[in-house]
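**Student:** return a 3D structure for these sequence lines:
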Amino acid sequence: MTCEMCEAANRIEAGENPFAIARLTTGYVTLCATQYFRGYTFFAARRCVPEIYDLPIDERATHLHEMVEVAQALDRAFDPRKLNYEALGNGTPHLHWHLIPRYETDPHPRGPVWEDLNFLRQFWLGGSPPDEQSEQSRRAILTQLRLADVEIEREYVGL
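**Tutor:** Predicted coordinates for the structure are as follows:
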């Protein structure tokens, strides 16, 4: 059985994901194709494990540190009111984080994103093709990641 996230990582490495931003030591940073919430980003573990505790302890600490640094890069790039962090994995049991900037202008700024039917509709339909706004977001995130306390092993913006 193949893993959807591992296949996605292979497409990123092959240059076939127009939303990819960077490969860090323990994971891939990718803009979500659904930009209903501007800056919505995934941070997916490079190692195929279902749970954070399945990572070796030193890798676990690095992964959590990198996830926080990605979140802070999103904060600097987009200045949201709040960031939501979720590691679900019910549908895809490969460790990955949904990092979702939230804004006062959101339709339901105090509610969970999964209660917003307009967002869910876009998300379930796979989002939108890349455009100038998503490219600007990718550049803004990468610019802020370069200032973060992470090692960027490979950049995918502007390839």
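**Student:** how near is residue 10 to residue 31?
**Tutor:** Noted for residue 10: a distance of 18 Å to residue 31, by C-beta to C-beta, to the nearest Å. Placement of C-beta: from N, CA and C, glycine included.
**Student:** quick one: contacts of the biggest strand by length in the chain?
**Tutor:** When secondary structure is assigned using DSSP state E, the longest strand within the chain turns out to be strand 96-102. Strand 96-102 is touched from outside by 5, 27, 32, 37-45, 67, 70-71, 74-75, 78, 80-89, 109, 113, with contacts defined as C-beta atoms under 8 Å, 6 or more residues apart in numbering.
**Student:** state the distance from residue 127 to residue 72.
**Tutor:** Taken as C-beta to C-beta, the span from residue 127 to residue 72 is 24 Å.
**Student:** pLDDT weak spots in this structure?
**Tutor:** Applying pLDDT under 70 to the chain flags residues 1, 159.
**Student:** which stretches of it form helices?
**Tutor:** Under the criterion DSSP state H, the chain carries helices at the ranges 4-13, 57-78, 117-124, 132-145.
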